[in-house]
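In: fold the following and give me the result.
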Amino acid sequence: MAKFKKKSNTSQDIPTAALPDIIFMLLFFFMVTTVLRESTIMVKQSIPKATQLRKLSQKKLVSYLYVGKPNDPKKFGAEPRIQANDAFIEVDGIIQFIEEEKGKLAENEKDQITISIKVDDETKMGIVADIQEKMRDVNARKLMYAASKRAD
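Out: Residues are numbered from 1 along each chain as shown. Next up, the predicted model:
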């Protein structure tokens with residue numbers, strides 16, 4: 001009987017020439033799809049519950065105001081404050097804030113800006129009424145109160 005020998009000339013190497021290309025494609029994919037937080041919230045937020053919610057169609061037309069007691073009462077006091085982007089503003093600064101936000105938009109989108117107000121549920125209504133009055137002065141008529149879903 002004849003003996004057959006196995007040829008052992010085959011190599012078990014894995015081709016790695018395309019590996020850097022694949023890694024860079026994954027890196028670029030995650031860089032493009034990742035959304036970074038725009039502002040750090042420096043006020044306490046216990047958002048009230050809502051019975052009806054509506055989702056926004058264009059988030060780029062929304063600017064956010066946060067109202068509540070500061071997280072650091074020793075530095076900023078214990079009274080409710082208004083936070084726009086990453087800075088505290090007074091009620092009189094709302095006009096300038098809205099004008100700056102309108103300046104970032106295209107000309108045809110300036111009248112469609114929506115101001116989203118996230119108000120802590122323990123904040124008095126007086127500061128919210130002052131915000132609404134200043135918004136009327138700037139002709140920013142679209143106002144949205146942020147709320148979370150009610151747990152049934």
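In: please make it C-alpha for all contacts and neighbour counts, starting now.
Out: Noted.
In: just give me the neighbour total for residue 122.
Out: 14 (other C-alpha atoms under 10 Å).
In: now for it: which residues touch it?
Out: With contacts defined as C-alpha atoms under 8 Å, 6 or more residues apart in numbering, residue 122 is in contact with 46, 68.
In: which pLDDT value does the model give it?
Out: Note for residue 122: predicted pLDDT of 83.
In: for the host helix or strand of residue 133, give me every contacting residue.
Out: Here residue 133 sits within helix 125-138, counting by DSSP states H and E. Under the criterion C-alpha under 8 Å, 6+ apart, residues 91-92, 94-95, 98-99, 141 lie in contact with helix 125-138.
In: C-terminal to that helix, what's the next element?
Out: Next along the chain from helix 125-138, counting by DSSP H and E, comes strand 142-145.
In: paired strands for that next one, with orientation please.
Out: In the sheet, strand 142-145 lines up against strand 114-119 (parallel) (DSSP bridges).
In: helices and strands of this protein: which one bottoms out on pLDDT?
Out: Ranked by mean pLDDT, DSSP states H and E, the weakest helix or strand in the chain is strand 148-149, scoring a mean of 64.
In: can you give me the strands in this protein?
Out: Assigned by DSSP state E, the strands in the chain fall at 49-50, 62-68, 81-84, 87-89, 114-119, 142-145, 148-149.
In: turn these into a markdown table, including distance to residue 21 and mean neighbour count.
Out: Shown next, in a markdown table, are the strands of the chain (distance: least, C-alpha to C-alpha, whole Å; neighbours: other C-alpha atoms under 10 Å):
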| stretch | distance to residue 21 | mean neighbour count |
| --- | --- | --- |
| strand 49-50 | 48 | 14 |
| strand 62-68 | 38 | 21 |
| strand 81-84 | 42 | 24 |
| strand 87-89 | 42 | 15 |
| strand 114-119 | 42 | 21 |
| strand 142-145 | 45 | 15 |
| strand 148-149 | 43 | 12 |
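In: possible to save the ones you listed as TSV with distance to residue 107?
Out: As requested, the strands of the chain are arranged in TSV below (distance: least, C-alpha to C-alpha, whole Å):
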stretch	distance to residue 107
strand 49-50	33
strand 62-68	15
strand 81-84	22
strand 87-89	26
strand 114-119	15
strand 142-145	17
strand 148-149	32
